[in-house]
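S.K.: Output the structure for:
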Amino acid sequence: MNIRSIFTLILLLLPLANCYNSKSIHDLLKSHGLPVGLFPKNVKSYSLADNGLLQVFLDRPCLAQVETRMYFESVVTANLSYGGLIGLEGLSQEELFLWLPVIDIIVTDPSSGVILFDIGLAHKQLPRSLFDDPPSCKPEGVLMEKGLGRKKIGIEFLR
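M.R.: Numbers count the residues shown, from 1 in each chain. You can find the predicted model right below:
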């Protein structure tokens, strides 16, 4: 085999290798002891670096309803470890009419059925079952028309 044949063979086999190792974001979360519903259904893609840096890409920012409303930027980043998304950026949660950044999401004991959200001012424990299924995420513009979007004035928008 000459160099050109080897190069062509590598180019032909490379896409197969990527398909074989690829997982959905929801499968990745599950393999790290996290519930699959932490990210919405409409995740476009993600990247995971060797150091655990996870970047999740959505087509556009959107709002999802779980127990409260959650706002996803078009890119959400975190350090992924078993049972945790640490140092989150790009995710906010509505609490008492305020939008607060979600800093960490942690499952310390999977058998407890509880997931911990660190929203800076407090730690919030939520039933893990709320995140059994990926939520639907609507573009913010659609919800603004219905009067349900985030307000970006005063203290109602904290990030």
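
S.K.: Let me see the ranges of the helices in this structure.
M.R.: Using DSSP state H, the helices of the chain run over 3-21, 25-31, 140-145.

S.K.: Give me the helices and strands touching the second one, please.
M.R.: Translated: helix 25-31. Judged by 3 or more Cβ pairs under 8 Å, 6 or more residues apart in numbering; DSSP states H and E, helix 25-31 is in contact with strand 43-48. (Glycine included, C-beta is placed from N, CA and C.)

S.K.: mean confidence for the strand it packs on?
M.R.: Taken as a whole, strand 43-48 carries a mean pLDDT of 97.

S.K.: The residue nearest the centre of the chain: what's it in contact with?
M.R.: Per Cα atoms, centre = their mean, the C-alpha nearest to the average position across the chain is that of Phe39, at 3.8 Å. Contacts for Phe39 were tallied using Cβ atoms under 8 Å, 6 or more residues apart in numbering; they are 25-26, 29, 56, 72, 76, 134.

S.K.: Leu85 now?
M.R.: Contacts of Leu85 by Cβ under 8 Å, 6+ apart are 34, 38, 54, 78-79, 104-106.

S.K.: Apply 6 Å and report the result again.
M.R.: 78, 105 (Cβ atoms under 6 Å, 6 or more residues apart in numbering).
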